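# Sequence and predicted model, in that order:
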Amino acid sequence: MADDDSPPPQRRIRASDQDRDDVLSVITDAVTNGRLDPEETAQRQDDAIGAKFLDELIPLIDDLPEGDSLHRRLARQTGRTPGPTDPGSQLQRRVPGELSPAAEPGSASPMNSVAIMSGRQLDVPPGTAEVTTYALMGGDNIDLCEVMGPGVTVELNSYAMWAGNDIYVPPGVRVRDETINIMAGNEVRRSAQGDGSNGTVILKGFSLMAGHDVRLAKGYREKDQGQLE
């Protein structure tokens, strides 16, 4: 009798409540960006809630750029990590016209900066998930073009007094402002507020008589003369 050389059955890993919640969050972001109609949304939400295994969750976000990072994580956990040219790989899952695929979020160390009556240029490298700045009568120029990409989320924690940072983003980046401000506030220019297809920047922290300016990076905009675009 010939030996059975067939591969062993693929291991199936049960999904946790957090896994299902993460998928539901991606679906919600996709709905916000206009990618799913109500019928598709309801069906995917029902499927996510009822999923027992991780491999059942992957198809629900496979075509949603908002879920790129989660898709890679679930693929690794199920042993289905695609190669660089395989269908569904990070390269193939890029949104047309966007920047090159970003490094895995969190693969680079968090960045920190202190500016007192001064400031510096911060070019945030790929893989950075968190940037923290402290500014007193000063501020940094923070360039997020290299770190952003589909499915990437970067938290920018800024604590400022009589100061503020200039923050530059590429097209397609969604900006969420969760800062606490006293006699202060942030300005997110219209041209810098994207649909989330190129990642999300979350602004956090505290400002006193200060504020930050979020702009579309140079090279992506034709004009920037100090007014809202």
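In hand now; what should we look at? Residues are numbered from 1 along each chain as shown.
# hey, what's L136 bridged with?
Beta-bridge partners of L136, counted by DSSP bridges, are I116, M161.
# What separation do you get for it and P171?
32 Å (CB to CB, to the nearest Å). (C-beta placed from N, C-alpha, C; glycine too.)
# Check I116 too.
According to CB to CB, I116 stands 33 Å off from P171.
# which of these two has more neighbours?
Using other CB atoms under 10 Å as the criterion, I116 and P171 rank with P171 on top: 19 against 11.
# what pairs with D123 across the strands?
D143.
# Buried residues, stretch 203-218. List them.
Residues 203-205, 207, 210-217 are the ones in stretch 203-218 that count as buried (16 or more other CB atoms under 10 Å).
# In strands, which of the residues you listed fall?
203-205, 207, 213-216 (DSSP state E).
# For N165, state which of these is nearest.
Checking these against N165 with CB to CB, the nearest one is D213 at 7.5 Å.
# The closest one contacts I167, doesn't it?
Yes: assessed by CB atoms under 8 Å, D213 is found in contact with I167 at 6.8 Å.
# Using CSV, write out every CA atom in stretch 112-121.
The C-alpha trace of stretch 112-121 is given here as CSV (Å, rounded to 0.1, in the frame of the first residue of the first chain):
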residue,chain,number,x,y,z
ASN,A,112,9.5,61.2,20.8
SER,A,113,10.4,64.8,20.5
VAL,A,114,10.7,67.8,22.8
ALA,A,115,10.6,71.4,21.4
ILE,A,116,11.2,74.4,23.7
MET,A,117,11.2,77.7,21.8
SER,A,118,12.4,75.6,18.9
GLY,A,119,11.4,72.8,16.6
ARG,A,120,12.8,70.2,14.1
GLN,A,121,12.0,68.2,11.1
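# rewinding a little: would you format the buried residues of stretch 203-218 as TSV with distance to W162 and pLDDT included?
Shown next, in TSV, are these (distance: CB to CB, whole Å; pLDDT from 0 to 100):
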residue	distance to W162	pLDDT
L203	18	97
K204	19	96
G205	15	95
S207	9	95
A210	6	90
G211	10	92
H212	13	95
D213	15	96
V214	19	97
R215	21	95
L216	26	93
A217	26	91
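# Could you export the residues you listed as CSV, including distance to A15?
Compiled in CSV, the buried residues of stretch 203-218 are given as follows (distance: CB to CB, whole Å):
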residue, distance to A15
L203, 32
K204, 29
G205, 34
S207, 40
A210, 43
G211, 42
H212, 38
D213, 42
V214, 36
R215, 40
L216, 38
A217, 38
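# For S109, state which of the residues you listed is nearest.
Nearest to S109 among those, counting by CB to CB, is K204 at 18.4 Å.
# Show me what the closest one is bridged to.
What pairs with K204, by the bridge criterion (DSSP bridges), is N157.
# Quick check: it touching T179?
Yes: using CB under 8 Å, K204 makes contact with T179 at a distance of 6.1 Å.
# anything in contact with each of these two?
S158 (CB atoms under 8 Å, 6 or more residues apart in numbering).
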